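Novice: Next one to model:
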Amino acid sequence: MQRLPVIAIAGLACENSTFTPSRTLAAAFHPKRGAAIFEKHDFLQPGTFLADAAIWKGTLIGHALPGGIVERSSYESLVEEIVSRLFEICNSLDRPLDGLWFDIHGAMSVEGLDDVEYILLSQIREVIGPTTIVSASMDLHGNVSQDLLHQLDLVTCYRTAPHVDVRETRERACRNLLTVLGEKKGERPWKAWIPIPILLPGEMTSTRDEPAKSIYAAVTEVEKEDGVLDASVWVGYAWADEPRNRAVAVVTGYNLPTIITGAETLAKNFWSARHAFKFVAPTGSLSACLDKAATPNAGRPFFISDSGDNPTAGGSGDVTWSLQQILTRSDIARPDGPRLIYASIPAPQAIENVCAAGHGATITVTAGADVDDVHAGPVTFTGRVHAIKHNDPHARVEFVLHISNTNVFVILTQLRKPYHKEHDFTDLDLRPREADIVVVKIGYLEPELWDMARGGDWMLALTPGGVDQDLKRLGHRKIVRPMWPLDDEGSFGDVDLEARIVLMSDQVGG
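Specialist: Numbering: from 1, shown residues only. Have a look, this model is predicted:
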């Protein structure tokens with residue numbers, strides 16, 4: 001009877017802006033260990049096809065809300081535990097570990113380190129050795145350096161933005177791993193890698209819209225070719241300043257000419273479309289967005305993306321600049337003004353007083369700018385406590401203030417939280433579908449909000465913060481130049497979009 005392969009699971013996933021002053025600590029990763037990993041990734045629970053095809057061993061995984069760069073000591077403490085758990089697993093076997101699923105995002109930044117996923121996998125390789133087949137699943141906003149790919153055997157990423165194929169991508173990474181260990185009997189696939197000198201925010205590369213829609217449709221066509229195991233395109237992560245940050249195409253498989261052709265097709269598709277990328281919604285200054293939203297004929301609800309401080313892209317979430325601008329608008333901040341919901345701003349120091357005062361009380365609160373005070377300081381306002389919610393998994397405590405003498409409702413939190421779903425609002429006795437204006441710290445709208453905006457209207461406000469959509473305003477210094485659209489067309493010359501074959505130590509050129 002053929003023995004089942006033994007596969008370990010490890011990884012740390014976060015998206016970190018190097019332009020955000022906050023720091024991400026170990027607790028933010030909400031580490032899962034051992035059996036708890038299979039509760040998160042339920043497609044590996046007993047009785048499923050993937051689970052029954054191998055012996056899966058969980059070490060430690062962590063998925064953190066995007067934010068500022070990871071504190072070095074926090075990173076090292078998590079890595080130490082991953083390495084220790086892998087040592088235990090490897091020492092318990094009478095043979096090398098067959099495989100490892102590397103569960104990452106691809107845009108993690110750590111104090112004092114560049115290309116940290118490569119560094120992490122190098123440390124893991126020191127334990128598991130060079131023969132273990134490693135398969136990574138990633139966000140398409142991650143980064144794939146040549147060094148990282150050298151340590152990997154397989155890699156894949158999401159094919160949608162907003163990401164509605166997260167589970168599918170992780171399953172594909174595990175399925176590809178089992179294919180190599182099973183029918184391919186451990187034979188390593190070839191890997192064709194092409195860096196593309198483009199660095200764009202996700203808000204210009206949504207797969208809902210062209211040209212990204214067609215670029216990603218071509219990925220599945222390349223994958224259908226005989227001898228291709230996986231095809232992927234990464235947009236890259238625009239808000240970190242490291243040499244690896246850029247778009248990349250990777251195709252893996254067993255037919256070398258086919259994977260080269262596939263990778264070059266995907267890379268050329270991306271590069272040739274560079275002039276066609278545009279924002280997913282009409283854009284403007286916050287003032288321009290509010291001007292339009294406040295007009296009587298504006299669609300309702302009218303969503304405004306406060307994009308510069310988006311916590312799901314790496315913003316600190318506590319920039320007060322936009323909220324302060326809203327509260328100075330005489331056409332909005334008045335008793336008979338439009339019903340406006342603002343989500344959200346942290347106010348951890350106010351939590352105790354608000355909870356003591358209770359629902360319906362009128363209270364004065366100071367909020368925001370604890371971390372990111374570059375663009376504006378804390379904001380102080382008075383209002384009636386409209387709702388209080390405890391034990392939120394992200395915010396811990398949330399409350400809503402109905403600002404005095406206005407029709408403005410501000411969501412305040414103990415810890416920063418993204419507001420992506422309708423129940424995030426209705427749980428706080430807010431009805432976004434019935435509001436006039438909803439301002440959310442987000443870039444492109446997640447599916448439920450997008451659905452609401454389709455019945456109303458939407459603009460993306462180009463606001464300041466650690467994930468500013470105006471990349472030139474941020475000032476990248478370490479990325480490889482020239483880079484589109486940061487540099488003029490004349491800076492590029494002939495762009496090299498030929499595939500590089502990235503080898504493992506036991507492969508030879510073909």
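Novice: Count the neighbours of the residue lying closest to residue 440 once chain neighbours are set aside for me.
Specialist: Spatial nearest neighbour of residue 440, chain neighbours left out: residue 343 (5.1 Å); criterion: Cβ to Cβ, 6 or more residues apart in numbering. C-beta coordinates here come from the backbone N, C-alpha and C atoms, glycine included. Using other Cβ atoms under 10 Å, residue 343 has 26 neighbouring residues.
Novice: residue contacts, residue 343?
Specialist: 411, 419, 424-425, 438-441 (Cβ atoms under 8 Å, 6 or more residues apart in numbering).
Novice: how much space is there between it and residue 486?
Specialist: 31 Å (Cβ to Cβ, to the nearest Å).
Novice: what does stretch 68-76 contact?
Specialist: Outside stretch 68-76, the residues touching it (Cβ under 8 Å, 6+ apart) are 12, 14, 16-18, 20-26, 64, 108-113, 116, 314, 316, 371, 466.
Novice: Now restrict those to buried residues only.
Specialist: 12, 14, 16-18, 20, 22-24, 26, 64, 108-111, 113, 116, 314, 316, 371, 466 (16 or more other Cβ atoms under 10 Å).
Novice: And the strand or helix carrying residue 322, what does it pack against?
Specialist: Per DSSP states H and E, residue 322 falls inside helix 321-327. If you count contacts as 3 or more Cβ pairs under 8 Å, 6 or more residues apart in numbering; DSSP states H and E, helix 321-327 packs onto helix 286-293, strand 340-346, strand 379-392, strand 408-413.
Novice: Output it as CSV, nothing but the C-alphas.
Specialist: Extracted C-alpha coordinates of helix 321-327, given in CSV (Å, rounded to 0.1, in the frame of the first residue of the first chain):
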residue,chain,number,x,y,z
TRP,A,321,-8.1,64.6,8.1
SER,A,322,-11.2,63.5,6.2
LEU,A,323,-13.5,63.5,9.2
GLN,A,324,-12.3,67.0,10.2
GLN,A,325,-13.0,68.2,6.7
ILE,A,326,-16.5,66.8,6.8
LEU,A,327,-17.3,68.4,10.1
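Novice: which stretches of the stretch 51-200 of the chain form helices?
Specialist: Using DSSP state H, counting those that start in this stretch, the helices of the stretch 51-200 of the chain run over 72-91, 116-128, 146-151, 166-181.
Novice: right, so of those, which gets closest to residue 353?
Specialist: The minimum distance between residue 353 and these falls on helix 72-91, with 30.5 Å, by Cβ to Cβ.
Novice: List the buried residues in the closest one.
Specialist: Buried residues in helix 72-91, counted by 16+ other Cβ under 10 Å: 74-75, 78-79, 81-83, 85-86, 89-90.
Novice: Which of these sits closest to residue 46?
Specialist: So of the buried residues of helix 72-91, ranked by how close each gets to residue 46 (Cβ to Cβ), first place is residue 89, at 18.5 Å.
Novice: Correct me if wrong: that closest one contacts residue 97.
Specialist: Yes: between residue 89 and residue 97 there is a contact under Cβ atoms under 8 Å: 6.7 Å.
Novice: Need the overlap of contacts for those two.
Specialist: Common neighbours of residue 89 and residue 97 (Cβ under 8 Å, 6+ apart) are 6, 8.
Novice: Pop the domain breakdown of this protein in here.
Specialist: 6-278+497-501, 283-468 (automatic domain parsing).
Novice: As TSV, those domains with mean pLDDT and distance to residue 491 would be great.
Specialist: Formatted as TSV, the domains of the chain follow (pLDDT from 0 to 100; distance: least, Cβ to Cβ, whole Å):
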stretch	mean pLDDT	distance to residue 491
domain 6-278+497-501	97	9
domain 283-468	96	22
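Novice: Just send these back as CSV, with distance to residue 479 too.
Specialist: Shown next, in CSV, are those (distance: least, Cβ to Cβ, whole Å):
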stretch, distance to residue 479
domain 6-278+497-501, 5
domain 283-468, 15
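Novice: Quick one, which of those gets closest to residue 477.
Specialist: domain 6-278+497-501 (5.9 Å).
Novice: filter the contacts of residue 343 to the buried ones?
Specialist: 411, 419, 424-425, 438-441.
Novice: Please narrow these to those residing in strands.
Specialist: Judged by DSSP state E, the subset of the buried ones among the contacts of residue 343 located in strands is 411, 438-440.
Novice: Looking at those residues, spot the one nearest residue 294.
Specialist: Out of these, the member with the shortest distance to residue 294 (by Cβ to Cβ) is residue 439, at 12.1 Å.
Novice: wait, doesn't the closest one sit right on residue 306?
Specialist: Yes: Residue 439 lies in contact with residue 306 (Cβ under 8 Å); the separation is 5.6 Å.
Novice: Show me whatever sits in contact with both of these two.
Specialist: Residues touching both residue 439 and residue 306 (Cβ under 8 Å, 6+ apart) are residue 322.
Novice: can you pull the contacts of residue 265?
Specialist: Residues counted as contacts of residue 265 (Cβ under 8 Å, 6+ apart) are 218, 222.
Novice: which residues touch the closest residue to residue 150 other than its chain neighbours?
Specialist: Computed as Cβ to Cβ, 6+ apart, the closest residue to residue 150 that is not its neighbour in sequence is residue 502, at 5.5 Å. Going by Cβ under 8 Å, 6+ apart, residue 502 touches 146, 149-150, 191-193.
Novice: Drop anything exposed from these.
Specialist: 149-150, 191-193.
Novice: Let's have those in TSV, adding distance to residue 494.
Specialist: Listed next are those as TSV, based on distance: Cβ to Cβ, whole Å:
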residue	distance to residue 494
149	24
150	26
191	24
192	20
193	19
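Novice: Can you pick out the most distant pair from these?
Specialist: Maximum pairwise distance among those (Cβ to Cβ): 13.2 Å, between 150 and 192.
Novice: hang on, isn't residue 109 packed against residue 240?
Specialist: Yes: using Cβ under 8 Å as the test, residue 109 is close enough to residue 240 to be in contact (5.1 Å).
Novice: Need the residues touching each of these two.
Specialist: Common neighbours of residue 109 and residue 240, using Cβ under 8 Å, 6+ apart, are 16-18.
Novice: Tell me which helix or strand comes right after the helix or strand residue 260 falls within.
Specialist: Counting by DSSP H and E, the element that carries residue 260 is helix 256-272. The helix or strand immediately downstream of helix 256-272 is strand 283-284, counting by DSSP H and E.
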